[in-house]
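Participant: Have a look; sequence and predicted model below, questions after that.
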Amino acid sequence: MTIESTATANSRVDLYVERRQERRAVYLRSRRDAAVLASLALAWGCALAPLTATMARQRRLLSSETAQSASAQKRRRAVATAASGADERLARLAQVTEVRSRRRAWAATVAEMAALSSSDICLDSARFEARDGETEMRIEGSAMSIMAANSFIARLSRSPRFTRVGLTDTSPDVAFGRGSVHFVASGKLGCELGGGAALEE
C-alpha cells in the first residue's frame, strides 16, 4: 500500500466521521427546536386556558339569553294576539250593545207615538234621521179633521220624547173621508236613536 492510498482512505474516514457528526448535530438541533416549540405551545395553552374558559362561558350565557329573548318574543306575540282578539270581541260587544240600545229606543219611540195617536189618526210613515247630533223626525198621515191633526201634534209636543213638533203641510184627503186632511209634521226627538233610519207604516 502506498502513502497516497493511505491518505485517501484516511480522508474518506474523516469525511464519514464529519458527515456523521453533522447529522447528529442536526438531529440534536431538531430535538431541541421541538422541545422549545412544545414548551411554547404549553405556555400559550396555559396562558389562553382562562380566556378560552371565559369565552365558553360567554357563549353559553349568550345562547341562554338568546333563548330567553326568543321565548319572551313568543310570549309577547301571544299576548298581543290575545289582546287583539279581546279588542275585537269588545268591539263586537259594543256594536251589539249599541244595536240593542237603538232597538230599545226605536221600540219606545214607536210605542209612545202609538199611545199618543187616536182612532181618528192614520199614520202613513214616520222617518227619523240623525243630523248634527240631533234626530229629526218627519211624519205623514191622515186625520179625520184638521182639529184631530192639531190635537195629535199637540199631544206629541207635550211628550218629552218629541220636541219642536209642528204641522208643515196639510191638504184635503178625500179618500179618508169628508173633511179629512192629509198632514205632514216635522220635529225632533228628545232622545238619540243613533244613525239615520226610517219607519214606514
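Facilitator: Right, received. Where do you want to start? This one's a predicted model, so the numbers in the text were calculated from it and none came from an experiment. Residues are numbered from 1 along each chain as shown.
Participant: hmm, who's touching stretch 132-150?
Facilitator: 113, 118, 120-130, 152, 162, 165, 167, 170, 173, 175-177, 179-189, 191-193 (C-beta atoms under 8 Å, 6 or more residues apart in numbering). Placement of C-beta: from N, CA and C, glycine included.
Participant: List the buried residues in that stretch.
Facilitator: 135-137, 139-144, 148-150 (16 or more other C-beta atoms under 10 Å).
Participant: Out of those, which comes closest to R19?
Facilitator: T135 (122.5 Å; C-beta to C-beta).
Participant: excluding its backbone neighbours, what's nearest the closest one?
Facilitator: Leaving out its chain neighbours, the residue that sits closest to T135 by C-beta to C-beta, 6 or more residues apart in numbering is L189, at 4.1 Å.
Participant: which residue ranges form the strands in this structure?
Facilitator: 121-131, 134-143, 162-172, 181-189, 197-200 (DSSP state E).
Participant: mind checking how far the residue nearest to the spatial centre of the chain is from A91?
Facilitator: Centroid-nearest residue in the chain: S84, 5.1 Å away (criterion: C-alpha atoms, centre = their mean). For S84, the distance to A91 equals 11 Å [C-beta to C-beta, to the nearest Å].
Participant: Please apply the same query to R102.
Facilitator: R102 is 16 Å from A91, by C-beta to C-beta.
Participant: same check, this time on F176
Facilitator: 48 Å.
Participant: pLDDT score for the nearest residue to S157 once chain neighbours are set aside?
Facilitator: Counting by C-beta to C-beta, 6+ apart, the nearest residue to S157 once its immediate chain neighbours are dropped is V165, at 4.8 Å. According to the prediction, V165 has pLDDT 92.
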